[in-house]
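1. Below are the sequence and a predicted model; questions follow.
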Amino acid sequence: MSSAWNNFNDAESPAFSLIPKGTLVKVRMTIKPGGYSDVANGWLHGWASRGDTGAVYLNAEFVVLEGKYARRKLWTLIGLHSPKGPTWGQMGRSFIKGVLNSAHALHPDDMSAAAQQGRCIESFGDLDGLVFAGKVDWEKDSYGEDKAVIKVPVMPEHPQYREVMGSVQPAPAGTASAHVAQASSPTAPTPTSRPAWAS
């Protein structure tokens, strides 16, 4: 027997290459609950994580749904608070706004009542399970190695948005995505009232 389960010298080396920078991908976002809540800030139900430095963030995983890189995973921390100042939290708010615009096909300049409602969430649990278009970038991990991340959601006005999201338009604000989010996580809360777009 040429390849035994106690000798791995002849096993193939793992071949792994990063998704190229700038690649546009359709992803499903999952929030990994970190158990941290802060009622004063509205961070409820333990969706947030708190690091040793006091930084608070959402631990997000993105699974590529279609195309050449289908089933590949990327991870990004979405900033909520940093003791060093407001910048990280502001970047996190901008990212979440972009995710909501992309997921619900909302133009960033659309200030209609429906669009504004589509950019509101009841809980971070509403983000869990959202499908949107994102742009791949690279950053260094804790070992100094490159890793692929999603830092920029792709907006509906981008010329490749429809191609990335597929011929089926994303759910307009108010249909399945919020319900999928609640069903996908056993730790997701069940709010007593939901905004109109999530009904």
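-> Received, thanks. Residues are numbered from 1 along each chain as shown.

2. bridging residues for Phe62?
-> Met29, Leu74 (DSSP bridges).

3. Please tell me how far it sits from Lys73.
-> 7 Å (C-beta to C-beta, to the nearest Å). Glycine gets a C-beta too; all of them are placed from N, C-alpha and C.

4. for stretch 60-73, the distance to its chain's centre please.
-> 11 Å (C-alpha atoms, centre = their mean, to the nearest Å).

5. Please identify the buried residues of the longest helix along the chain?
-> Ranked by residue count, the top helix of the chain under DSSP state H comes out as helix 87-103. With burial defined by 16 or more other C-beta atoms under 10 Å, the residues of helix 87-103 counted as buried are Trp88, Gly89, Gly92, Phe95, Ile96, Gly98, Val99, Leu100, Asn101, Ser102, Ala103.

6. Name the helix or strand for the closest residue to Lys21 other than its chain neighbours, please.
-> In space, and not counting its chain neighbours, Lys21 is closest to Trp138: 5.5 Å by C-beta to C-beta, 6 or more residues apart in numbering. Trp138 belongs to strand 131-140 when assigned by DSSP states H and E.

7. mean confidence score for that strand?
-> Throughout strand 131-140, pLDDT has a mean value of 96.

8. List the buried residues in it.
-> Buried-residue list, strand 131-140, by 16+ other C-beta under 10 Å: Val131, Phe132, Ala133, Gly134, Lys135, Val136, Asp137, Trp138.

9. residues touching the second one, list them.
-> Which is Phe132. Lys26, Val27, Met29, Val99, Ser102, Ala103, Pro153, Val154, Pro170 (C-beta atoms under 8 Å, 6 or more residues apart in numbering).

10. mind putting those in a markdown table, distance to Phe16 and pLDDT included?
-> Listed next are those as a markdown table, based on distance: C-beta to C-beta, whole Å; pLDDT from 0 to 100:
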| residue | distance to Phe16 | pLDDT |
| --- | --- | --- |
| Lys26 | 21 | 97 |
| Val27 | 18 | 97 |
| Met29 | 22 | 97 |
| Val99 | 26 | 97 |
| Ser102 | 27 | 97 |
| Ala103 | 29 | 96 |
| Pro153 | 25 | 97 |
| Val154 | 25 | 97 |
| Pro170 | 30 | 44 |
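
11. can those go into a markdown table with extra columns for distance to Gly79?
-> As requested, the contacts of Phe132 are arranged in a markdown table below (distance: C-beta to C-beta, whole Å):
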| residue | distance to Gly79 |
| --- | --- |
| Lys26 | 24 |
| Val27 | 19 |
| Met29 | 15 |
| Val99 | 14 |
| Ser102 | 18 |
| Ala103 | 19 |
| Pro153 | 15 |
| Val154 | 20 |
| Pro170 | 25 |
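
12. From what I see, His45 and Ser37 are in contact.
-> Yes. At 6.6 Å, His45 counts as touching Ser37 under the criterion of C-beta atoms under 8 Å.

13. Remind me what the strand or helix carrying His81 packs against, helices and strands.
-> According to DSSP H and E, His81 maps onto strand 73-81. With contacts taken as 3 or more C-beta pairs under 8 Å, 6 or more residues apart in numbering; DSSP states H and E, strand 73-81 sits against strand 56-64, helix 87-103, strand 146-153.
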